[in-house]
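Engineer: No letters, just coordinates:
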């Protein structure tokens with residue numbers, strides 16, 4: 001399975017695995033699954049950290065690099081094809097970071113790992 005991690009799931013998978021659902025934890029730990037981390041989550045982490053809304057033990061760039069290595073993630077970047085879906089997504093969720101993750105997961109056929117109930121309302125494959 002190809003899993004796209006919501007930003008909170010990425011953060012929890014590294015330091016607070018107890019916040020993950022049993023299904024999410026098992027899927028992330030399964031070596032048969034591909035774990036995808038999106039560039040938009042890097043942006044979200046950097047912004048929230050700089051605003052004082054996200055405490056990290058190390059600077060964001062260092063935290064992300066170590067976390068990606070630990071989780072064995074594959075980095076996906078913004079791409080025009082996936083972003084073109086944003087205009088067609090219903091406004092169930094107004095968070096731009098989450099909307100990009102939803103569009104990316106739909107376009108690339110990824111399973112989005114998230115606890116967010118609003119995201120669960122989209123026509124995307126969700127795991128929680």
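Structural biologist: Done, it's in. Small disclaimer: the values here were computed from a predicted structure and weren't measured. Residues are numbered from 1 along each chain as shown.
Engineer: contacting residues for the closest residue to residue 49 other than its chain neighbours?
Structural biologist: Excluding the flanking residues, the one nearest residue 49 by CB to CB, 6 or more residues apart in numbering is residue 60, at 4.9 Å. From N, CA and C alone the C-beta is placed, and that goes for glycine too. Contacts for residue 60 (CB atoms under 8 Å, 6 or more residues apart in numbering) come out as 42, 45, 46, 49.
Engineer: same question, residue 126
Structural biologist: With contact taken as CB under 8 Å, 6+ apart, residue 126 is in contact with 111, 112, 113, 114, 119, 120.
Engineer: Just the buried subset of those, please.
Structural biologist: Neighbour counting over the contacts of residue 126 (16 or more other CB atoms under 10 Å) leaves 111, 112, 113, 114, 119 as the buried ones.
Engineer: ok, so what distance separates residue 90 from residue 40?
Structural biologist: Applying CB to CB, to the nearest Å, the value for residue 90 to residue 40 is 19 Å.
Engineer: just residue 32 next, same as before
Structural biologist: Distance of residue 32 to residue 40, given as CB to CB: 26 Å.
Engineer: Looking at those two, which has the bigger crowd around it?
Structural biologist: Each of residue 32 and residue 40 has its neighbours counted (other CB atoms under 10 Å); residue 40 has more, 21 against 6.
Engineer: Secondary structure class of that one, three-state.
Structural biologist: Three-state call for residue 40 (DSSP: H, G, I helix; E, B strand; the rest coil): helix.
Engineer: could you check the distance from it over to residue 12?
Structural biologist: Relative to residue 12, residue 40 is positioned 17 Å away (CB to CB).
Engineer: dump the residue contacts of the closest residue to residue 6 other than its chain neighbours.
Structural biologist: Nearest residue to residue 6 in three dimensions, chain neighbours excluded: residue 114, at 3.7 Å (CB to CB, 6+ apart). Residues counted as contacts of residue 114 (CB under 8 Å, 6+ apart) are 6, 8, 9, 98, 101, 120, 126, 128.
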